[in-house]
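J.: Dropping the sequence and predicted coords here.
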Amino acid sequence: MSNTPKPLWTPSEEAISDSELVRFYQYLRSKFAELPMHYDYAALHSWTIDQPANFWRALWNYFEVIGEPGDSTLIQPKAMPGAEWFPDGRLNFAENLLRHIDEGVAITQRGEDGRRQTLTYQQLQQQVAQLAGFLREQGVGEGDRVAAFLPNSHYAVVGMLATTSLGAVWSSCSPDFGFSGVLDRFAQIEPKVLIACNGYCYGGKSIDSRERVTQICDALPSLEATIVAPYRDDIADELKVTNSYCWSQFVNNQREVPKLTFKRVPFSAPLYILYSSGTTGKPKCIVHSVGGTLLQHVKELALHTNVRKNEPLFYYTTCGWMM
């Protein structure tokens with residue numbers, strides 16, 4: 001009896017030939033003759049290791065990333081750390097994610113309490129424009145930090161896209177974090193604006209988070225505004241802190257929708273600040289770049305998992321984890 005494990009699933013030849021990976025391989029083959037004529041995964045993998053600059057430049061071009069890549073792709077390729085990717089490149093993360101404006105479903109939000117909410121691409125862009133307009137009024141711009149104390153919800157997606165459209169930096173914690181756990185993280189980055197939920201649901205219980213949010217606001221002197229998202233409709237969305245606003249004051253209301261613009265920043269500019277677990281001292285800040293994060297998403301979702309437009313992608317996680 002053979003001990004060789006059997007694969008759980010193998011794609012059909014038709015599925016392979018129709019995959020985005022094979023299409024991308026054919027595109028590469030038209031540009032670089034050293035690749036075998038017919039699709040060869042091992043050859044492709046070796047080529048990407050030997051030709052990293054050509055691979056990432058081809059990925060940018062094939063998937064039509066919005067922005068200016070610049071003339072140079074990679075400086076000091078052997079340096080670790082020290083290599084520079086697209087040193088003259090400029091782009092905006094949100095501009096690439098919001099390239100579609102139609103009635104297709106952009107987000108489907110499900111909650112433990114059974115709630116279900118959808119946003120179309122058009123609705124998503126409208127809410128992002130409204131929130132970005134408010135953040136701009138608060139003086140948020142390139143390099144500023146916006147922190148979020150939110151459940152995995154459309155509030156977090158809209159907040160991230162509005163923040164990054166301005167060239168600002170996004171960071172988040174889950175509302176199940178305690179006060180000190182949040183402060184250990186956010187105090188290091190000195191956010192200008194905090195977006196926080198009034199409550200959340202866990203284990204069948206409605207949990208009021210307003211007291212913790214107030215504590216967090218009082219402990220962050222860098223804050224110039226706090227926005228309260230009404231995640232729980234059975235809890236008021238008002239805070240007794242200076243310069244606090246309700247989400248509904250400027251998002252999804254009757255106010256005129258401002259024009260959504262995108263600030264293009266250098267490829268290596270910071271996009272997200274995430275954190276280590278904090279098991280050895282305070283959590284360490286980990287910065288993810290605008291260009292690097294976008295190209296990694298494109299590669300992983302399109303090539304590795306063959307996700308295409310209008311296909312749903314599900315993540316079950318909190319906004320306290322990097323997934």
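T.: Arrived safely, thanks for sending.
J.: from here on, contacts and neighbour counts on C-alpha atoms
T.: Noted.
J.: what about Ala196, how many neighbours?
T.: 33 (other C-alpha atoms under 10 Å).
J.: Same check on Ala219?
T.: Neighbours of Ala219 (other C-alpha under 10 Å): 14.
J.: Just say helix, strand or coil for Glu95.
T.: Under DSSP: H, G, I helix; E, B strand; the rest coil, the three-state class of Glu95 is helix.
J.: Phi first, then psi, for the closest residue to Leu74 other than its chain neighbours.
T.: Distances taken as C-alpha to C-alpha, 6 or more residues apart in numbering place Trp85 nearest to Leu74, at 4.7 Å, with adjacent residues excluded. Backbone torsions for Trp85, taken as degrees, to the nearest 10, come to phi -100, psi 140.
J.: Could you check how far Trp85 is from Leu295?
T.: The spacing between Trp85 and Leu295, counted by C-alpha to C-alpha, to the nearest Å, is 11 Å.
J.: sorry, back to before: the residue nearest to Leu74 - how many residues pack around it?
T.: Trp85 is flanked by 21 other residues according to other C-alpha under 10 Å.
J.: Repeat that for Thr305.
T.: Thr305 has 12 nearby residues by other C-alpha under 10 Å.
J.: same thing with Leu8?
T.: By the criterion of other C-alpha under 10 Å, Leu8 has 5 neighbours.
J.: where does it land on pLDDT?
T.: Leu8 is assigned 94 on the pLDDT scale.
J.: and if you look at Val251?
T.: We have a pLDDT of 90 for Val251.
J.: residues contacting it?
T.: Applying C-alpha atoms under 8 Å, 6 or more residues apart in numbering, one finds that Val251 lies in contact with 127, 130-131.
J.: in the stretch 1-150 of the chain, which spans are strands?
T.: For the stretch 1-150 of the chain, the strands defined by DSSP state E, counting those that start in this stretch occupy 74-75, 84-85, 90-91, 105-110, 116-120, 145-149.
J.: Would you mind giving those strands as TSV with mean pLDDT added?
T.: Formatted as TSV, those follow (pLDDT from 0 to 100):
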stretch	mean pLDDT
strand 74-75	97
strand 84-85	98
strand 90-91	98
strand 105-110	94
strand 116-120	94
strand 145-149	98
